[in-house]
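Visitor: Sequence and predicted structure are below.
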Amino acid sequence: QVQLAESGGGWVQAGGSLKLSCVVSGRSLSSLSMGWFRQAPGKEREFVAAVAWSLGRTAYADSVKGRFTIAKDNDKNTLTLQMNSLAPEDTAVYYCGQAYTYSVLEQDYDVWGQGTQVTVSS
């Protein structure tokens, strides 16, 4: 059984930084892609960043480009999201997901973690 477990969320003031982690268990990641999505209150879940696990190719939403960095640790089967220059509009529950294709579309992800809350105050 594949499981994804996020951690690292919390409260931070605008301009601050947080680093999210997602540990993957139960499945080899060599042929998969991983991504981060977020859902703010009253809004749809939206794409944040993705990485093709074996190639290292990455993609970012325009709203986070230059501020967020997605990375993978092959040895630890861990996905991370370094978030810098955080703004109140980044407040959301952040989810990591796993897909069999390199994608920015939520519909292509078939396994999700439970989410971790990120709150940015102004």
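Guide: Sure, I can see it.

Visitor: you'd agree residue 122 is up against residue 16?
Guide: No. At 11.5 Å, residue 122 does not count as touching residue 16 under the criterion of Cβ atoms under 8 Å. In short, each C-beta sits where N, CA and C put it, glycine included.

Visitor: who has more neighbours, these two?
Guide: More crowded of residue 122 and residue 16, by other Cβ atoms under 10 Å: residue 16, with 15 against 9.

Visitor: so the more buried one, which of the three states?
Guide: Counting by DSSP: H, G, I helix; E, B strand; the rest coil, the backbone at residue 16 sits in coil.

Visitor: Look at it and report its pLDDT.
Guide: On the pLDDT scale, residue 16 is placed at 98.

Visitor: Skipping adjacent residues, who's closest to it in space?
Guide: Distance criterion Cβ to Cβ, 6 or more residues apart in numbering; nearest residue to residue 16, sequence neighbours excluded, is residue 86 at 5.4 Å.

Visitor: Need the per-residue pLDDT for the one you found.
Guide: Note for residue 86: predicted pLDDT of 98.

Visitor: Now do the contacts for it.
Guide: For residue 86, the contact set (Cβ atoms under 8 Å, 6 or more residues apart in numbering) comprises 12, 14-18, 67, 118, 120.

Visitor: That one: helix or strand, and which one exactly?
Guide: Element membership of residue 86 [criterion: DSSP states H and E] is none; it lies in no helix or strand.

Visitor: I figured residue 85 hits residue 67, correct?
Guide: Yes. Shown here, residue 85 and residue 67 form a contact pair, counting by Cβ under 8 Å, at 4.7 Å.

Visitor: Any figure for the gap between the residue nearest to the spatial centre of the chain and residue 6?
Guide: Nearest to the geometric centre of the chain sits residue 36, at 2.3 Å (Cα atoms, centre = their mean). Between residue 36 and residue 6 the distance is 9 Å, computed by Cβ to Cβ, to the nearest Å.
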